[in-house]
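Engineer: A predicted structure for the sequence below; I have some questions about it.
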Amino acid sequence: MKLVLLFGPHAVGKMTVGQELAKLTELKLFHNHMTIDLVGQFFNYSTKEGKELVQTFRQEIFEAVSKSDLDGLIFTFVWLFDVERDWEYVRNLAQLFESRGAEVCYVELEADLEERLKRNVTPNRLEHKPSKRDLEWSRNDVLSGSQKYRLNSHPGEIPYTNYLRINTMEQSPKEAAQQIKDTFQLGY
């Protein structure tokens, strides 16, 4: 089993690259808004209840997948590099899968802010992420997240050997997915 952690800033292309990677492999895509938008029908993600429910659903899915006979999982998320609890979250998630024999692959995506603002309103993003359909709020979320947090790692900061960094402005989602598949020998 393989766990592909696909991370990077808002609107960098995580879900889209993940969709292409899922087509090339037997891995299932679990993009972060699958839980955020589900819970958002009841509680805003910024509330205590919202965060707890999102984490509970994710953890239950991770537990079930890590015990299953699936080939693996692609999980997308925004890693706040200047927030220790995010580092701890990644360590705990990796440990869960590794303790059950899985290999964890770390894939970081990057693109400049101007490009990410353009991608923030693409039809694919809006189709699969209902909370992003409030375009003014979503644009402000991209901008404020980029100002408040460090959303890409410094060179050499990621301590894992199974690590790949891709600039999504230099490759199409299909090309990025193929590079991930080839680098980590995923799928068939």
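Structural biologist: Yep, that arrived.
Engineer: buried residues in the helix or strand of the chain with the lowest mean pLDDT?
Structural biologist: Ranked by mean pLDDT, DSSP states H and E, the weakest helix or strand in the chain is helix 123-128, scoring a mean of 76. Neighbour counts using 16 or more other Cβ atoms under 10 Å place Arg125, His128 of helix 123-128 among the buried residues. Glycine gets a C-beta too; all of them are placed from N, C-alpha and C.
Engineer: Show me what secondary structure element comes after that helix.
Structural biologist: helix 135-148 (DSSP states H and E).
Engineer: Contacts for that next one next, please.
Structural biologist: Residues outside helix 135-148 that contact it (Cβ atoms under 8 Å, 6 or more residues apart in numbering) are Pro9, His10, Ala11, Val78, Leu113, Arg116, Leu117, Asn120, Val121, Ser131, Lys132, Leu151.
Engineer: farthest pair in these?
Structural biologist: Within these, two members stand farthest from each other by Cβ to Cβ: Leu113 and Ser131, at 20.1 Å.
Engineer: Neighbours of Phe75, how many?
Structural biologist: Using other Cβ atoms under 10 Å, Phe75 is surrounded by 25 other residues.
Engineer: same check, this time on Lys51
Structural biologist: Around Lys51 there are 15 residues (other Cβ under 10 Å).
Engineer: Next one, pLDDT for it please.
Structural biologist: Residue-level confidence at Lys51 comes out at 92, pLDDT.
Engineer: Quick check: which helices or strands does the helix or strand harbouring it pack against?
Structural biologist: Assigned by DSSP H and E, Lys51 falls within helix 48-67. Applying 3 or more Cβ pairs under 8 Å, 6 or more residues apart in numbering; DSSP states H and E, we find helix 48-67 packed against strand 28-31, helix 33-39, strand 72-77, helix 84-98.
Engineer: All set, thanks.
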